[in-house]
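pasting the sequence and the predicted coordinates here, then a few questions.
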Amino acid sequence: MNRKTIVGIVFFVAALLLSSSIFIVSERNYALVFKLGEWQRTIQEPGLYFKLPTPLENVVYLDKRIQTIESGDTERIQTSEKKNLIIDSYIKWRISNPLQFYVSFGDSTYAAQNRLGAQIRDALNASVNTRTVRAVISQERDVVMAEILNNVEERAKPLGIQVVDVRLKRIEFSQEVSDSVYSRMQAERKQEANSLRANGAAESEMIRAEADRKVQEELAQANAKAQAIRGEGDAQAAGIYADAYGKNSDFYSFYNSMNAYKSIFGSKKDLLVVDPDSDFFRFFKQSDGNVSSNEQ
């Protein structure tokens, strides 16, 4: 073996050792350095680093980015009323302690997601089982999410995981609960409609009674006014008649008799049984309409 070959081999070995002694940590990763299987250090900042050649030291990379776990299958959880809710949730998490994470799960993100998914289900049951449907859906939804976040965060912290956020994306009734809720809503709306109809009928009767009372009052006032006007008219007419009688009593008697004849003999079918010599026919006996002094 000549000198050049030996130098080439030396350079090749040196390059191989150098390449296995240099590693790069990106901004997306943590790096755990192990020496013969024993942890040596954790690198969290990005950059170029050196280590002993493999297999003396080796590097394990862990993702430091925020990750999301979405529930593939919606959870069926029972409330305090023994009614089932269908809940779809997601959780955002990241590795906070790389060494604890590696001890718990190795470099398997899948194992960590399975563990967190189970913890989410337990936390959901713990929070929802003690509340009513109305509380979970509307009244205390934010409180439920805060409870779940605190619960999962405390359980995930020893595993080297930081839970960033927990959200309930969708909460629905199961089919049997939906039917029950719709039936109750229909009953409530029907009861409210009946109440409104009853109130409307009562108010209608009150308005009608008030209108009838006002009509009766108006009619009574109008009748009283009409009677007063009629009485004034009759009094004025009587005064006029009396004045006319005082001026010409013969003409007044004649005029009254003519009106009486007109009223009595207004129809050809009228029949009057009376003595022809009675005072009623005294103007029929005189062609000139004057009453003699003896008849007066």
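On my side now, so go ahead.

pLDDT averaged over stretch 187-206, what's the number?
For stretch 187-206, the mean pLDDT works out to 88.

chain center to it, what's the gap?
Centre-to-centre, stretch 187-206 and its host chain are 20 Å apart (Cα atoms, centre = their mean, to the nearest Å).

with stretch 220-229 instead?
57 Å.

from what I see, Ile87 and Leu124 are in contact.
Yes: with contact defined as Cβ atoms under 8 Å, Ile87 counts as touching Leu124 (6.3 Å). The C-beta positions use only the backbone N, C-alpha and C, and glycine is treated the same way.

compare these two (neighbour count), which wins?
Shown here are Ile87 and Leu124; by other Cβ atoms under 10 Å, Leu124 has more neighbours (24 against 21).

can you confirm that one is in a helix?
Yes: assigned with DSSP: H, G, I helix; E, B strand; the rest coil, Leu124 falls within a helix.

hey, where'd the strands end up in the stretch 1-150 of the chain?
Here the stretch 1-150 of the chain has its strands, by DSSP state E, counting those that start in this stretch, at 22-25, 29-35, 38-43, 47-50, 57-63, 67-70, 75-78, 84-95.

between the ones you listed, which has the poorest mean confidence score?
strand 75-78 (a mean of 74).

just how off-centre is that one within its chain?
25 Å.

which secondary structure elements does it contact?
Packed against strand 75-78 by the contact rule (3 or more Cβ pairs under 8 Å, 6 or more residues apart in numbering; DSSP states H and E) you find strand 84-95, helix 109-128.

any idea which of those gets closest to Gly37?
Distance to Gly37, taken as Cβ to Cβ, is lowest for helix 109-128 among the helices and strands packed on strand 75-78, at 19.7 Å.

give me the number of residues near the nearest residue to Glu172 once chain neighbours are set aside?
Leaving out its chain neighbours, the residue that sits closest to Glu172 by Cβ to Cβ, 6 or more residues apart in numbering is Ile86, at 4.5 Å. By other Cβ under 10 Å, 17 other residues sit near Ile86.

isn't Ile86 up against Gln78?
No: taking contacts as Cβ under 8 Å, Ile86 lies outside contact range of Gln78: 11.2 Å.

does anything pack onto the host helix or strand of Gln227? Which helices or strands?
Secondary structure assigned from DSSP states H and E places Gln227 in helix 175-247. Judged by 3+ Cβ pairs under 8 Å, 6+ apart, the packing partners of helix 175-247 are strand 84-95, helix 249-264.

tell me the buried residues in the helix or strand that contains Val164?
Taking DSSP H and E as the definition, one finds Val164 inside strand 161-173. Of the residues in strand 161-173, 161, 163, 166, 168, 171, 173 count as buried by neighbour count, 16 or more other Cβ atoms under 10 Å.

tell me, what residue is most central in this structure?
Ser138 (11.5 Å; Cα atoms, centre = their mean).
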